[in-house]
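> When you get a sec, could you give me coordinates for this:
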Amino acid sequence: MTPNALLVAACLSLPAGWSLRGWWSTQRVLARVAASRSESGATAPSMRPATQAPPAAVVAGVAGMALAVLVLGPVVLVLAVLGAAVTPLLARRRRRARALVARRGQLPPALERLAASLRSGSSLPVALDEAGRATPDPLGPELRALALGAGRGQSMAAVLDGWTLRHDDAGTRLAATALVLATVVGVTPARAVDGVAATLRERLELGAERRALASQARTSAVVLSAAPVVFAVLLGMGDGAAGRFLLHSPAGWACIAGGLGLDALGAWWMARLTRGELS
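Below you'll find the predicted structure:
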């Protein structure tokens with residue numbers, strides 16, 4: 001194992017992930033646009049086909065990975081396959097987390113719009129539809145679906161119960177409870193919705209403050225999670241015997257797998273402790 005070959009392999013492999021990610025995202029967007037245009041009857045002669053070959057950086061990344069396998073052994077190929085399998089799952093989870101954060105931030109202003117519509121004399125289904133049209137994704141379609149369900153003859157309590165079952169978070173439960181109590185008990189709906197919006201806004205501000213205070217702890221968690229991996233790489237590059245043991249023996253592979261698993265578990269636990277979100 002030579003450091004120069006490892007450096008060449010890293011330089012060739014690093015662009016692969018970013019290039020392939022960008023290429024795949026572009027192809028997905030082009031496919032969606034083409035599908036929407038075909039449904040509407042429009043044509044897109046200037047669009048590139050969705051089957052276009054990946055860019056040259058992907059080819060360079062594959063060549064670099066092949067060189068790394070030849071230099072470091074088959075364990076690199078195993079780690080690359082595991083990384084390729086885990087990366088889409090992590091990306092999908094990150095997108096869901098971003099959508100959840102965006103939805104939490106949209107809930108207080110949407111409830112304020114709902115309360116304003118109720119104060120103007122609109123019924124609850126009409127107010128839900130107006131608030132949904134004024135709210136972008138992902139919360140806007142949910143509110144419009146609630147209004148549509150109430151307009152089809154379903155009781156508001158049943159519609160709101162289904163909403164809480166689909167989105168079981170504290171803000172949704174609180175808003176649905178206030179609306180149900182307002183419709184059943186006879187409380188002024190606008191006042192109840194305003195109170196819920198104020199409470200959720202305060203919770204969001206408190207969560208943001210907690211995340212800001214925990215930023216130093218999160219930085220320390222990142223350093224502690226990356227330090228074992230960096231130390232193992234430097235040890236393998238500087239000590240030939242340690243590198244051969246880790247990369248060319250079943251016991252070394254078991255040590256790598258166990259260390260990465262424990263490191264990932266520790267990173268997950270530290271991220272959970274420093275999350276700063278309110279339940």
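> From what I see, P136 and R103 are in contact.
No. In this structure, P136 is not within contact of R103 by Cβ atoms under 8 Å, at 10.4 Å. Bear in mind the C-beta positions are built from the backbone N, C-alpha and C, glycine included.
> So for the two, which residue has more residues nearby?
Taking neighbours as other Cβ atoms under 10 Å, P136 and R103 compare with R103 leading, 19 against 11.
> tell me the contacts of the more buried one?
By Cβ atoms under 8 Å, 6 or more residues apart in numbering, R103 lies in contact with P138, L139, H167.
> can you redo these as TSV with pLDDT and neighbour count?
Formatted as TSV, these follow (pLDDT from 0 to 100; neighbours: other Cβ atoms under 10 Å):
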residue	pLDDT	neighbour count
P138	88	13
L139	91	24
H167	87	17
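> Closest one to L89 out of these, please.
Of all these, P138 has the smallest distance to L89: 20.4 Å, by Cβ to Cβ.
> correct me, but that closest one touches V101?
No. Checked against Cβ under 8 Å, the pair P138 and V101 is beyond contact range at 10.6 Å.
> Low-confidence regions, the stretch 1-150 of the chain specifically.
Where the stretch 1-150 of the chain drops to pLDDT under 70, the residues are 1-81, 83-84.
> go again using 80 as the cut-off
1-88, 90-91 (pLDDT under 80).
> who's in contact with the closest residue in space to G266 that isn't next to it in sequence?
Closest residue to G266 apart from its sequence neighbours, by Cβ to Cβ, 6 or more residues apart in numbering: S225 at 6.6 Å. By Cβ under 8 Å, 6+ apart, the contact list for S225 reads D263, G266, A267, M270.
> Now do the second one: how many residues are near it, please.
Meaning G266. G266: 14 neighbours (other Cβ under 10 Å).
> can you tell me the helix or strand for it?
G266 belongs to helix 250-273 when assigned by DSSP states H and E.
> for that helix, which positions count as buried?
Neighbour counts over helix 250-273 (16 or more other Cβ atoms under 10 Å) mark G252, W253, I256, D263, M270 as buried.
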